[in-house]
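Asks: Please find the sequence and the predicted model below.
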Amino acid sequence: MKKYIIGDLKLFLATVGFIFLAAFLEIRIAFMIQQIIDTGDKGSLQDFYGAVIYGLFFVVILFATNYIVKILQASLIKKSVLNLKRDIFSGILKKDIRSFQAMNSANYISVLTNDINIVEKDYFSANLEMIMHVSRLVLGSIAIFYINPYIALSIYVLGVATLAVPTLFSKGVKNRRMAHSKFLSDFTMKVKDLFAGFEVIKSFHIEDKLSDEYKKSNENVEESKFSFLKLSHLVDILGAAFGFLIFLTALSVGTYFVIIGDLTFGLLIAAVQLMNNITTPVGQIPSVYNRIQSVKSIEEKFKKAMEQNGNTKEFIPKSDFAESIQLKDVSFSYGPEKKVVNNISLSIEKGKKYAIVGGSGSGKSTLIKLLLGYFEDYDGEIKVDGRDVRQISAEDLYSFMSVIQQNVFMFDDTVKNNITLYKDFDENSLKNVLAQSGLNEMVKKLPNGLSYQVGENGANLSGGEKQRLSIARALIKGTPILILDEATSALDNKIASNIEKQILAMDDITSIVITHRLNKELLKLYDEIFVLDEGELVEQGDYYELMKNKKLFYSLCNIMGYEEKNKEGSEAS
Ligand SMILES: Nc1ncnc2c1ncn2[C@@H]1O[C@H](COP(=O)(O)OP(=O)(O)OP(=O)(O)O)[C@@H](O)[C@H]1O
C-alpha cells in the first residue's frame, strides 16, 4: 500500500514538506513566548510590543500553513484511496471465473467498502499522522536540547521507553484487526443473502432463523471491534501516561535549573511549550504505529481479492473460428471427489448443430464451461482450430463464442442496454435479433418499448422474458459459435421450439445446445447429439442413429415422451 501514498511523489513531498514547516513554526512560537516573557524581565515596552507583533505574525503564518497541510493531506488521501480502489476493482475484473468464484462475492464487497475505509483511516491518514508526530518530535527534541541538554536527556530516555510500547502489542492488535475484518466480511455476506433471498425468506417463513443468524453475526462484528479497541486503547493510555511522566520529569529538571539560575523563566516556559511537541507525539506514536501495523493483515485480503490464479500467461491472438473444436481424453473434477467430466473425446465442426443431453448432474454444463475456458486444470486436450484453449485469452474466446445460460443476469437498466450491453449496433441488427428471440411482441407491449427499465436483475420482467432478452444479447454479438445451456427452459414449448428452430436454421452458426426438452422434431435437426451419463460420453450420433441404438438416449426420449403425454393428459382432464 506504500506505493499508493507515494504514487504522486510531488504531492507526497509537498505534504511532508508542509508538515515539517508547520512543526517548525510551532517551535518558533515557543521561542516567541519566551521572547515576550523575557522582555517583561528587561522592562522595555518597545521590545515587548515588537515581540507581540512578531508573535501575532507567526500565528497567522502557522494558521495558513496548517490549513495548507490539511488540504494537501486530504488530497493525498483522496488520490491514494482512488488508486487503491481502482486497482482492486480492475484486479477483480481481470480474474478468471474460477479464481473469482474462489471467494464469496460479499468478500469483494467488504474489501471495497469496509476494508478500504479502515485502510483510509488507519493506513493513509495514520501514516501522515506519523510523519507529523515524528517531525514534531525531532524538531522539538533539537529545540529542547538547545534550551537545556539535561531537560532534553530526561525526555530522550523516557521517550525511548515509550516508543518501545507498541512492539509489545503489535501482534495482538494485528490479529484482532484481522478478526474484525473477517467478521465484517461475514456480516456483509449475511446482509447480501438477506436481500438476495428476501422472497425465499418470506415464502418459507424463516425470518426468525435469519434474524438469529444476523444477530450472531452482528454481535461478532461488534465484539471483535470491542476486542480490538480494548487493546488499542490500552496502547493509547500507556502512551499518554508515559507522555505525562515525561512532562513531569522534564518540568522538574527545568525548574531545578531555574532555581540554580542556569535557565531564565522565559526559557522554562518555552521548554514547557516545546514539551507538548514531544509528549504528544511520544504519546501518540505507539497507537498510530499499531494502527498502521494492524492494517497489514488487510493488505493480505486485498492481494487475495486481486489474485490472478498465479499464472501470468502469454496468449496467442485468435479472433475467429475457422474449422473445429477438438476434445481429446478430457477429464475434470471440481475437487478431489470423482470426475465430473470423464475422459471425453469429441469433435465440433464449423457450421454444424450439436445437442448435449443427459440426466441432471451428468456434466453437461461443466463440459460447456470447459469449452468456454472457465477452468484450466483439466486433463487431456481442448483445441480450437488446433490451438490449446488455454492459450486463447478470454477476450478473444468470447469474440467468437457466445453463451446463453439458464440463469440470466440483467443490469438495472433499459431493455435495449441489456441487449446491446452498452455497445453500438445498427437498428437493423437490433430488429433482427428482436424477431429471432421472439421479443417483438413483448417490446411492443412494454410502456416505453426498448427504453423500459428492467429493474434490479430484471425484477420487472418474467423469467421467460429475461431468457429471451439474453438470447437477443447473444445473437446481436453475431459470433460464429452459439452455445445454449438450458437457454429456453423458462419459455413455453411453442416459443422455445420457434426460437430453437430459428437458431438451428442459421447456416453459418455453429450451435451447441444443452437441452432437457427432448422434442423429437427439434432433435432431428441436429447433426450430432452427445449423450452424457455420469460425466462420460456414452453415445453420439444423429437422432435416427441414436434411436436405433436403443440405449440411454432412446430411454431418455421415451421417458420424456411419457411425461409429456401424462402432462397433456392431466392438463386436459
Ligand atoms: N462449482 C462447482 N463446484 C463443485 N461441484 C460442482 C460445481 N458445479 C457443478 N458441480 C457438480 O458437478 C456435477 C455436474 O454438474 P453440471 O452442472 O455439469 O451437470 P449438468 O449435467 O449440467 O446438470 P443439470 O442438467 O442439472 O444442469 C454435479 O454433480 C454438480 O453437483
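Replies: Okay, I see it.

Asks: packing partners for the strand or helix carrying residue 210?
Replies: Element membership of residue 210, judged by DSSP states H and E, is helix 207-259. Here helix 207-259 touches helix 149-163, helix 165-196, helix 265-306, going by 3 or more C-beta pairs under 8 Å, 6 or more residues apart in numbering; DSSP states H and E. No exception for glycine: its C-beta is placed from N, CA and C like everyone else's.

Asks: Tell me how far that helix lies from the chain's centre.
Replies: 31 Å (C-alpha atoms, centre = their mean, to the nearest Å).

Asks: how many degrees apart are that helix and helix 265-306 in direction?
Replies: Interaxial angle, helix 207-259 versus helix 265-306 (axes from the mean of the first three to the mean of the last three C-alpha atoms, to 10 degrees): 150 degrees.

Asks: Helix 207-259 to helix 149-163, inter-axis angle?
Replies: Counting by the same axes, to 10 degrees, helix 207-259 points 160 degrees away from the direction of helix 149-163.

Asks: Can you show me the helices along the stretch 401-550 of the chain?
Replies: 415-420, 427-436, 440-445, 463-477, 493-504, 520-523, 543-549 (DSSP state H, counting those that start in this stretch).

Asks: tell me which element the nearest residue to residue 61 once chain neighbours are set aside falls in.
Replies: Ranked by C-beta to C-beta, 6 or more residues apart in numbering and with sequence neighbours excluded, the top spatial neighbour of residue 61 is residue 25, at 6.1 Å. Here residue 25, judged by DSSP H and E, is contained in helix 9-42.

Asks: Show me how far that helix is from its chain's centre.
Replies: What separates the centre of helix 9-42 from the centre of its chain is 43 Å, taken as C-alpha atoms, centre = their mean.

Asks: can you check stretch 288-302 too?
Replies: Centre-to-centre, stretch 288-302 and its host chain are 17 Å apart (C-alpha atoms, centre = their mean).

Asks: For residue 456, find the nearest of the helices and strands packed on helix 207-259.
Replies: Judged by C-beta to C-beta, the one of the helices and strands packed on helix 207-259 that comes nearest to residue 456 is helix 165-196, at 9.5 Å.

Asks: tell me the angle of that closest one relative to helix 207-259?
Replies: Counting by the same axes, to 10 degrees, helix 165-196 points 160 degrees away from the direction of helix 207-259.

Asks: Against which helices or strands is helix 165-196 packed?
Replies: Against helix 165-196 (3+ C-beta pairs under 8 Å, 6+ apart) you get helix 105-110, helix 207-259, helix 265-306.

Asks: I'd guessed residue 456 sits against residue 412; true?
Replies: Yes. Taking C-beta atoms under 8 Å as the definition, residue 456 is a contact partner of residue 412 at 5.0 Å.

Asks: and residue 304, how many neighbours does it have?
Replies: As a burial measure, residue 304 scores 13 neighbours (other C-beta atoms under 10 Å).

Asks: Go ahead and confirm it touches residue 99.
Replies: No. The pair residue 304 / residue 99 is not scored as a contact, 9.7 Å apart, by C-beta under 8 Å.

Asks: tell me the most buried of the helices and strands packed on helix 207-259?
Replies: helix 265-306 (a mean of 21; mean count of other C-beta atoms under 10 Å).

Asks: OK, contacts around the most centrally placed residue in the chain?
Replies: Of all residues in the chain, the one closest to the mean position by C-alpha atoms, centre = their mean is residue 108, 3.5 Å from it. Listed by C-beta atoms under 8 Å, 6 or more residues apart in numbering, the contact set of residue 108 reads 92, 305.

Asks: related to what we said a few turns ago, closest to the ligand out of the helices and strands packed on helix 165-196?
Replies: Minimum separation from the ligand across the helices and strands packed on helix 165-196 (C-beta to the nearest ligand atom) falls at helix 105-110, 13.9 Å.
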